[in-house]
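**Q** Sequence plus predicted model, see below.
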Amino acid sequence: MADSSQIVGGGPKKVLYTLATIGRMGVGKAAKALTAKNACKACAYGMGGQRGGMTNELDEFPSVCNKSVQAQSSDTQRAIPHEIFEHTIDDLAELDGREMERLGRLGTPLFKARGADRFSPVDWDFALAHAATKLGATDPQRSFFYSSGRSSNEAGFVFQLLARAYGTNNVNNCSYYCHQATSEGLATTIGKGTSSVELEDLTGADLIFVIGANPSSNHPRFIHMLKNCRERGGQVIVINPAKEPGLVKFAVPKSPRSMLKGGSEIASDYVQPRIGSDIALMKGIAKAVLELGLEDSDFIAAHASGFEAFAADLAALSWETISAACGISAKEIGHIARQYGRAQNAVFAWGMGMTHHIHGVANVEAIANLAVLRGMVGKRFAGLLPLRGHSNVQGIGTIGVKPVLAKDVLEKMEAAFGVRFPEPKGMDTMACLKAAEAGGIDSAVIMGGNLWGATPDTGFASRAMEAIGFKLFLTTTLNRGHVHGLGTGEVLVLPVTARDEEWEPTTQESMFNYVRLSDGGIVRLDNVRPESWILGELGQRVLPGSPINFKAFSAHSRVREAIAAIVPGMEELADIDVAKTEFHIKHRVMHTPEFGTADGKAHLVVTPLPAMPPTSLTLATVRSEGQFNTIIYEDSDSYRGGAGRHAVFLNAEDMAGFGVREGQEVTIASDTGKMRAVATAFDLPRGSAMAYYPEANVLVGTAVDPRSKTPAFKSVSVRLELDGARP
C-alpha cells in the first residue's frame, strides 16, 4: 500500500533532492541561474526580479523552492545532439514525459516536411521564410494563436498584436484550461478577475482557507505563509477531497525550527467533501454563518448587493440536502462557520480543484460570496487569492492574449498603431481545437506549453492537432506535444531563449498583481532566439505593408511603452527598465471596499446546486509532487507514498467493495476512454478517485463550463473494469 499517513511535506529529503538537482546542473550554473535578477519561471506565486533571484517583494530570503530549481535545471541543460533527430518521430513518441524533458534543450530549428517521418535540423533563414510563406498562404480566420503562461509580457503583447494584425481574434492562452473560471467568477462578484490581495496581506491574516488546491506540491512557498499563520495563533482550514500529507504537516526547509521538530502543523481543520460538491459545502457554511448571526450586516448594507435573494436561497435549502450533496455533516459545517466567525482577517485561496468543473465559475462565485458575507474583501490582510499555475499566465491575459479584448483597450490599440483589427469574435482554446477537428483550421502558432498534452480526451487532441496542416511551435525544450498529433502536415519547431537568456529585459506578473523586471542576459546556447525577435521577423515577412513596425519590437522598451499606453493599470511599465521599480498593477489589490462592478458594490450571487453525475465513482485528475503542469520531472510521487504515474487513488472501503486489492492492475473507463492503472488506497471520501494529469486526460471529455469554456478535468464519471467486466 502507498501509505502516506506518516509522510511530512518538505523536510531533509526535499533539501537533499534540491541539492542533487543543483549537482546535476553544476554548482556554477545553478548559482548563476538562481541568483540572477530574473523572475522565477515556475509558479505564479512569484519571486526574483530586481531584488535578486531568491528574494520576494517582502525582501524575504531565501525565497526559493524545488520547483524553481527543477525549472532552472531544465533551462541549463545542453543542447539536444543532432543525432537524436536521426530517429523517427515514432521513435521519439515512445518516450515518456520525463524522458522527453531530459533530452536537453532544443538548440536548432526543426522542420518536418509534409509526409516526412522525422525532423530535420534547418537554419533560421529557412525556418522564418517557410513559416512566413505558410502563414501568408493561410486565410487568417482559419488559424489560431495559442500561448502558455511562460512567455514574457513583451512577447505576449507582440504575439497577440501579430495575430490581430494578421487577421484573426483566435488568440488564446492556457488559462482556458486552468483559471478562466476564476476570472469570470470574480468579475461577477467583485468586478475584477484577479487576486484582491497582495503578498503582504498574508502576513496579517488570522484565517486562511485553502480550497481545492495542493500547495505543498504546486506552490511550496505558500506553505511558509500557512505555517506562519498557525504560529501566530491563526487557523488554516483546508477543503479538499484528498487528505494530502503535505497539507497536514510540512517541514519548511527555510525554518530551522520547523525542520528540527519534524514538521509544522499546517491544517487546523481538514474538510473532505465529495469531488464536485463544493457549492453545497460553501452554501452550507454561508447558511450556518447566517443562522449563527456571524455575518457583517454593516458591510453588507453599505457595500454589497443581492443579499435578500442570496439569504432567501439559503433559507430554502435544507441541511439534509446540503449534507447529502457534499458528505459533510451539518455539525462539522457549523464548526467551520464558527471558526470563520472568529476570524478578523480571512484570506480565501483556491486552485484548479474549484475551476476544473462544468460549474467552475459558480464554484468561484460561491467562495466570493463567503468572503463578502463577512466583509472579508476590500480590507487589508483579507480577500480572495486564486493560486495560479504558470509564472506569467496572469500577465499574458493582462496584456491581451485572449480572444476578446475590452472595448477601450481595443480602441486604444487600433489608434496607437493605425490599424483596424478583425471584427469576428475569437474562439477559446477548446473551440479552436474543435474547429480544427472539423477541418476548419489550416495553421496554428503555438508559443510554449504542451497543447496536445494539456487537452482533454487524448484521442480528440490527436485528431484535432493532426488535422492542422501547418503547425509552428516556439519552445525551449521538446515535449510530447511536439511528437504527438503531428499528422502528415508540415511542422516547424523553433528554439527560444529561456527567461534569463533574453537579449533584452522582460517583465512578468505574479498572482499578486505584482510586476517584476527580469534582466535576461545569460548566454548558454548560441542558436536560440527570443520569442519577440522571432515574432518581429514573422510580422515583417507576413505583413510587409503593415503600419506596425514589428521588427522594432525586438527592443522591449518599445513594447513596454505601447503596453503602458494601452492597458489600464500598466502605466508604470513604460520606464520600468530605467527606474528599476517593480510595482503592483493599479486598481487590482482591494484594501478599501471599492469594487469594479457597475454599481461599485460587491455582488452576492445565487449559486444553484449542480446536478451530481449518476455514478458511483467520480475522478479528479491531479499533479504529482514531481511535476509542473505537463512537465514530468520525477516518475514517482514522494508525497503520495511513492506512487507511480499510472496510479489510481481510491477509498479503501470502495476498493474492498469492488473486490480490488492494493497494487492490482485495473482498467478505469469513462464515456470518453479507458486507461490501465494501479489501484492505490488513499484517504478520499467514498465515491471519489484521483489519477495523474496528463496521463488520465484519456478519460476526460471535451465538455466545458458554458461560462468559462474550461473542461471538467476534476469531475469525471468513471467506472472500474476487472478483466473486461465491471466489479
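**A** Arrived safely, thanks for sending. Numbers count the residues shown, from 1 in each chain.
**Q** residues touching F460, list them.
**A** L433, E437, T702 (Cβ atoms under 8 Å, 6 or more residues apart in numbering). All C-beta spots, glycine's among them, are computed from the backbone N, C-alpha and C.
**Q** Skip the chain neighbours and tell me the closest residue to the last one.
**A** Nearest in space to T702, with sequence neighbours left out and distances taken as Cβ to Cβ, 6 or more residues apart in numbering, is D457 at 5.1 Å.
**Q** Save the contacts of F460 as CSV, and put in distance to R274, pLDDT and neighbour count too.
**A** Shown next, in CSV, are the contacts of F460 (distance: Cβ to Cβ, whole Å; pLDDT from 0 to 100; neighbours: other Cβ atoms under 10 Å):
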residue, distance to R274, pLDDT, neighbour count
L433, 30, 98, 28
E437, 33, 98, 19
T702, 24, 98, 17
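**Q** show me what contacts I548?
**A** L161, A165, F417, V419, G539.
**Q** Most neighbours of all those residues, which one?
**A** Compared across these, L161 has the highest neighbour count, 28 neighbours, by other Cβ atoms under 10 Å.
**Q** That one in helix, strand or coil?
**A** With DSSP: H, G, I helix; E, B strand; the rest coil as the basis, L161 sits in helix.
**Q** Let me see the contact set for it.
**A** G400, M413, F417, I548, F550.
**Q** can you do 7 Å?
**A** By Cβ atoms under 7 Å, 6 or more residues apart in numbering, the contact set of L161 is I548.
**Q** Quick check: chain neighbours aside, which residue is closest to Q664?
**A** A679 (4.8 Å).
**Q** What is the helix or strand in which the one you found is found packed up against?
**A** Using DSSP states H and E, A679 falls within strand 674-681. Strand 674-681 sits against strand 647-650, helix 652-658, strand 665-669, with contacts defined as 3 or more Cβ pairs under 7 Å, 6 or more residues apart in numbering; DSSP states H and E.
**Q** Comparing the ones you listed, which comes out most buried?
**A** strand 647-650 (a mean of 27; mean count of other Cβ atoms under 10 Å).
**Q** Okay, now the sheet partners of that one, with direction.
**A** Applying DSSP bridges, strand 647-650 is found paired with strand 674-681 (parallel), strand 688-692 (antiparallel).
**Q** By mean pLDDT, which helix or strand of this protein comes out lowest?
**A** Least confident element among the helices and strands of the chain, by mean pLDDT, DSSP states H and E: helix 11-25 (a mean of 62).
**Q** Please enumerate the strands of the stretch 301-450 of the chain.
**A** Remark: strands assigned in the stretch 301-450 of the chain by DSSP state E, counting those that start in this stretch are 304-305, 346-350, 383-386, 443-447.
**Q** average pLDDT across the second one?
**A** Put plainly, it is strand 346-350. Averaged across strand 346-350, pLDDT comes to 98.
**Q** Going forward, the N-terminal residue is numbered 521.
**A** In the new numbering, first residue 521, that becomes strand 866-870.
**Q** How far away from the center of its chain is it?
**A** How far strand 866-870 lies from its chain's middle: 17 Å, per Cα atoms, centre = their mean, to the nearest Å.
**Q** What residues sit buried inside that strand?
**A** By neighbour count with 16 or more other Cβ atoms under 10 Å, strand 866-870 contains the buried residues A866, V867, F868, A869, W870.
**Q** If you count contacts, what does it end up packed against?
**A** By 3+ Cβ pairs under 7 Å, 6+ apart, strand 866-870 packs against strand 727-731, helix 880-893, strand 903-906.
**Q** Show me what it pairs with in its sheet, parallel or antiparallel.
**A** Strand 866-870 has these partner strands in its sheet, going by DSSP bridges: strand 727-731 (parallel), strand 903-906 (parallel).
**Q** Contacts only, for the residue nearest to the spatial centre of the chain.
**A** Nearest to the geometric centre of the chain sits G909, at 3.1 Å (Cα atoms, centre = their mean). Going by Cβ under 7 Å, 6+ apart, G909 touches C563, A564, G669, C698, N1149.
**Q** Recalculate using a threshold of 8 Å.
**A** C563, A564, G669, C694, C698, H699, N738, M872, N1149.
**Q** Most neighbours among these, which one is it?
**A** H699 (34 neighbours).
**Q** quick one on the thing from earlier: what would the strands paired with strand 1167-1170 look like in CSV with distance to I799 and mean neighbour count?
**A** Output for the strands paired with strand 1167-1170, formatted as CSV (distance: least, Cβ to Cβ, whole Å; neighbours: other Cβ atoms under 10 Å):
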stretch, distance to I799, mean neighbour count
strand 1194-1201, 28, 20
strand 1208-1212, 16, 25
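**Q** quick one, which of the ones you listed is nearest to L727?
**A** strand 1208-1212 (25.9 Å; Cβ to Cβ).
**Q** picking up where we left off before, looking at the contacts of I1068, which is nearest V1013?
**A** Nearest to V1013, judged by Cβ to Cβ, of the contacts of I1068 is G1059 at 19.5 Å.
**Q** Give me the three-state assignment for the closest one.
**A** helix.
**Q** That one and C563, how far apart?
**A** Distance, G1059 to C563, by Cβ to Cβ, to the nearest Å: 31 Å.
**Q** What segments of the stretch 621-770 of the chain are helices?
**A** Listed in chain order, the helices found in the stretch 621-770 of the chain under DSSP state H, counting those that start in this stretch are 644-656, 673-686, 700-709, 735-738, 740-751, 765-768.
**Q** and of the ones you listed, who's closest to G1005?
**A** G1005 lies closest to helix 644-656 among the helices of the stretch 621-770 of the chain, at 17.5 Å (Cβ to Cβ).
**Q** chain center to that closest one: distance?
**A** Helix 644-656 sits 31 Å away from the centroid of its parent chain (Cα atoms, centre = their mean).
**Q** residues of that helix that come out buried?
**A** Neighbour-count burial for helix 644-656 flags A647, L648, H650, A651, A652, K654, L655 (criterion: 16+ other Cβ under 10 Å).
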